[in-house]
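Colleague: next input, structure requested:
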Amino acid sequence: MRPRVGARALDIGCGLGAYAAALAGLGYDTLAVDWADAAVSAARDRYADVEPRLRVRRLDFEDADEVAARLPRAGFDLVTMRLVLAFMADKRAVAMGVPPARAKPRAWGRVRGLLAPGGAWVVTTPLVERLPQERQYIGVTAEDVAVVTEGWGRGEWYDLDAGGVRCFVLRV
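Modeller: Okay, here's the model as predicted:
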């Protein structure tokens, strides 16, 4: 299903930009952000021909003040986060036993504030229990999933491969 005309997407932690470019190719007006200057530069170079439908900017999504200042509240129909959640400080704080209330402001709360009514957050992340022991640090636990998915109006999940990657689609 193609997005409606004018639909806006935000890809958080865009890396080299392939996911963001695919969203732009589907018809979304896409903003791709990453905290790493090298990733932003590479994504801009690699997908310069997709502009203006795809814009790439440096932004540290873990900085709540920067997010509030640079991204429009309720401004996106779709927010994606592919293979990023496990590396966010908020998730790591919860994993280390910091109660969720003390781990605020949580990145997923910022995502919710950026979504337009009816919008969706698509989170693609590996699950700890499906990863080999030496790679479990990049996964999320069932407890992490419970914290992140709490309070969303609707949600579905899909297993993407036998390697343990799961995609969550959460709606406000």
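
Colleague: only C-alpha atoms from now on, for both contacts and neighbour counts.
Modeller: Fine.

Colleague: ok, longest strand in the protein?
Modeller: Longest strand of the chain, by residue count under DSSP state E: strand 115-126.

Colleague: what strands line up against that strand, and which way round?
Modeller: strand 76-82 (parallel), strand 165-171 (antiparallel) (DSSP bridges).

Colleague: what about the residue nearest to L54 when sequence neighbours are not counted, which SS state?
Modeller: Spatial nearest neighbour of L54, excluding adjacent residues (Cα to Cα, 6 or more residues apart in numbering): T30 at 4.8 Å. Taken by DSSP: H, G, I helix; E, B strand; the rest coil, the conformation at T30 corresponds to strand.

Colleague: ok, T30 - contacts?
Modeller: Counting by Cα atoms under 8 Å, 6 or more residues apart in numbering, T30 makes contact with 8-11, 20-21, 23-24, 53-55.

Colleague: burial of Y158, as a residue count?
Modeller: For Y158, the count of nearby residues is 11 (other Cα atoms under 10 Å).

Colleague: if you could redo that for E62, that was the one I meant.
Modeller: A count of nearby residues for E62, using other Cα under 10 Å, gives 17.

Colleague: same question for the one 4 residues further on.
Modeller: A count of neighbours around E66, defined by other Cα under 10 Å, yields 12.

Colleague: quick one: pLDDT of it?
Modeller: For E66, the pLDDT comes out at 95.

Colleague: can you list the buried residues in the helix or strand containing it?
Modeller: Applying DSSP states H and E as the criterion places E66 in helix 64-70. Across helix 64-70, burial judged by 16 or more other Cα atoms under 10 Å covers V67.

Colleague: need the contact partners of that helix.
Modeller: Outside helix 64-70, the residues within contact range by Cα under 8 Å, 6+ apart are 59-61, 105, 107, 110.

Colleague: give me the buried entries from those residues.
Modeller: Buried residues within these, counting neighbours by 16+ other Cα under 10 Å: 59-61, 107, 110.

Colleague: distance of the most centrally placed residue in the chain relative to Q133?
Modeller: Note on the chain: the residue nearest the mean C-alpha position is M81, at 1.9 Å, using Cα atoms, centre = their mean. With distances taken as Cα to Cα, to the nearest Å, M81 is found 24 Å from Q133.
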